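Asks: Show me how the following folds:
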Amino acid sequence: MERPSLEFNLPDTHEDGKLYVVDSLNNLNKLNVCPAESQRSLDEEENTSGTGENMAGSNTRNQCLFFVIFILTLIVSLALVSFAIFLIFQTRNEVDQISSRLLSEKKNIEELKKLNNIILRHLNQSRIKE
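Replies: So this is what the prediction gives:
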């Protein structure tokens, strides 16, 4: 007298029952021992325990992303510093040009003053003679 499927399914059901009981006891122990915040971290640890390779890949991807962003930041910073140095040199050249123009204008003004004085003297002398 054979028992068709009860013998084969019974051990599997018994194993599942044991796992269910152990799981329930673990959950009960967590509720009694751990506060709510610790429970969340334990649950997260359980959820991520099987995905170690996923986390390693994610960590590597995050490091690569950080490295790329860091390099881009350095390039942008270098470009901004280069632009600032260019503006400083450009401004220095403009100031040099303006100062040289002012010096030449100052010389011209002094020459005009001398000529004006000479003309005034000449006019004064001519009026005196008349």
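Asks: What are the buried residues along stretch 117-130?
Replies: In terms of neighbour count (16 or more other C-beta atoms under 10 Å), stretch 117-130 has no buried residues at all. In this view, the C-beta of every residue, glycine as well, is placed from N, C-alpha and C.
Asks: per-residue pLDDT, residue 14?
Replies: Residue 14 carries a pLDDT value of 57.
Asks: nope, residue 93 is what I meant
Replies: Predicted confidence (pLDDT) at residue 93: the value is 94.
Asks: and it, how many neighbours?
Replies: Residue 93: 10 surrounding residues under other C-beta atoms under 10 Å.
Asks: Residue 26 now?
Replies: The number of residues packed around residue 26, counting by other C-beta under 10 Å, is 12.
Asks: so which strand or helix has it?
Replies: Secondary structure here is read from DSSP states H and E; on that basis residue 26 sits in helix 6-33.
Asks: ditto for residue 100
Replies: Mapping residue 100 onto the secondary structure by DSSP H and E places it in helix 52-129.
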